[in-house]
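Turn this into a structure:
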Amino acid sequence: MGLMDITDLNAYSGGLIGLISSAGPVAKVVVFILLFFSVFSWTIFLYKWRQLGTVDNDGDKFLKVARDSDSFKKLTTSYTDNPESPFYKLLVNAYREVMARQKEEHTGALEVVPAVENLLRITVTEETGRLEKKLSFLATTANTAPFIGLFGTVWGIMDSFREIGLRGTTSLAVVAPGISEALITTALGLATAIPAVLFYNYLTNRLRGVSSKMENASAYIVNLINR
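This is a model prediction of the structure:
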């Protein structure tokens with residue numbers, strides 16, 4: 001191996017950062033895209049993890065208050081106001097509907113309850129959709145990151161064959177640059193996709209639990225109105 005070959009190999013012996021810095025422009029673009037997806041995925045996860053945790057705890061508090069309340073009026077006075085909570089919105093919407101119906105003449109409980117049930121069902125759907133926002137990005141990351149990394153892999157292999165054709169040799173110094181780009185983008189694609197899959201599954205299950213609590217809260221509200 002000549003001096004030129006040794007110099008070329010040393011350019012790729014500086015660890016991950018060295019490999020990325022010495023990679024070609026296409027590989028660097030792929031790495032930058034994957035880095036963006038990874039950072040944004042972690043940001044979404046931390047934000048949604050905190051948001052769903054707060055809502056979940058608020059749901060436990062609401063259900064406890066609802067179980068201890070013997071009337072709808074007591075529930076409205078016992079539950080602490082929290083305008084950002086879906087459970088507060090359920091209670092407020094139900095209260096407004098009851099008050100609006102009571103102002104109408106010849107309106108009985110048989111007419112109030114179905115109207116409240118429909119409104120609560122709509123509210124649950126709207127709040128679930130609001131809490132679900134941004135989760136689709138995690139699914140997109142999980143599905144696309146491996147293919148973005150694969151693109152970098154294919155491009156690196158193409159570079160390797162091109163260098164072999166130009167130099168007329170299959171020495172390690174010729175093949176190593178393209179192969180290293182291929183390995184970097186493949187590894188980063190998986191490193192981006194795997195956490196996104198885990199984040200999406202975890203947050204989806206957490207959201208499913210919150211939606212179930214909202215449905216239970218709606219049932220408690222309707223039962224208390226029936227009283």
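
Give me the secondary structure label for residue 96.
helix (DSSP: H, G, I helix; E, B strand; the rest coil).

How many residues are close by it?
12 (other Cβ atoms under 10 Å). Every residue, glycine included, has its C-beta placed from N, CA and C.

per-residue pLDDT, it?
pLDDT for residue 96: 89.

Below-threshold pLDDT in this protein: ranges please.
1-24, 104-110, 159-178, 180-181 (pLDDT under 70).

Quick check, central residue of it?
residue 135 (3.1 Å; Cα atoms, centre = their mean).

shouldn't residue 220 be in contact with residue 63?
Yes - contact criterion Cβ atoms under 8 Å: residue 220 and residue 63 qualify, at 6.9 Å.

more crowded one of the two?
Each of residue 220 and residue 63 has its neighbours counted (other Cβ under 10 Å); residue 220 has more, 19 against 15.

nearest residue to the more buried one other than its sequence neighbours?
residue 66 (3.9 Å; Cβ to Cβ, 6 or more residues apart in numbering).

Could you do residue 153 as well?
Closest to residue 153 by Cβ to Cβ, 6+ apart is residue 182, at 4.2 Å.

And the helices in this structure, which stretches?
Under the criterion DSSP state H, the chain contains helices at 3-10, 15-21, 25-68, 72-78, 86-103, 109-132, 135-167, 172-226.

Relative to residue 194, how far out is residue 140?
In this view, residue 140 and residue 194 are 15 Å apart by Cβ to Cβ, to the nearest Å.

Then residue 129?
27 Å.

who's more crowded, those two?
residue 194 (13 against 9).

Could you check how far the more buried one is from residue 138?
For residue 194, the distance to residue 138 - Cβ to Cβ - is 12 Å.

Going by neighbour count, which residues of stretch 90-103 are buried?
90-95, 97-98, 101 (16 or more other Cβ atoms under 10 Å).

what's the answer for stretch 47-66, then?
So for stretch 47-66, counting by 16+ other Cβ under 10 Å, buried means 48, 51-52, 55, 58-59, 62, 65-66.

What of stretch 199-206?
199-200, 203, 206.

check contacts around residue 88.
Neighbour list for residue 88: 58, 62, 79, 81-82 [criterion: Cβ atoms under 8 Å, 6 or more residues apart in numbering].

quick one on the thing from earlier: between the buried residues of stretch 47-66, which is nearest residue 147?
In terms of Cβ to Cβ, no member of those lies closer to residue 147 than residue 48, at 24.4 Å.

And for the closest one, nearest residue in space, chain neighbours not counted?
Nearest residue to residue 48, sequence neighbours excluded (Cβ to Cβ, 6+ apart): residue 203, at 5.2 Å.
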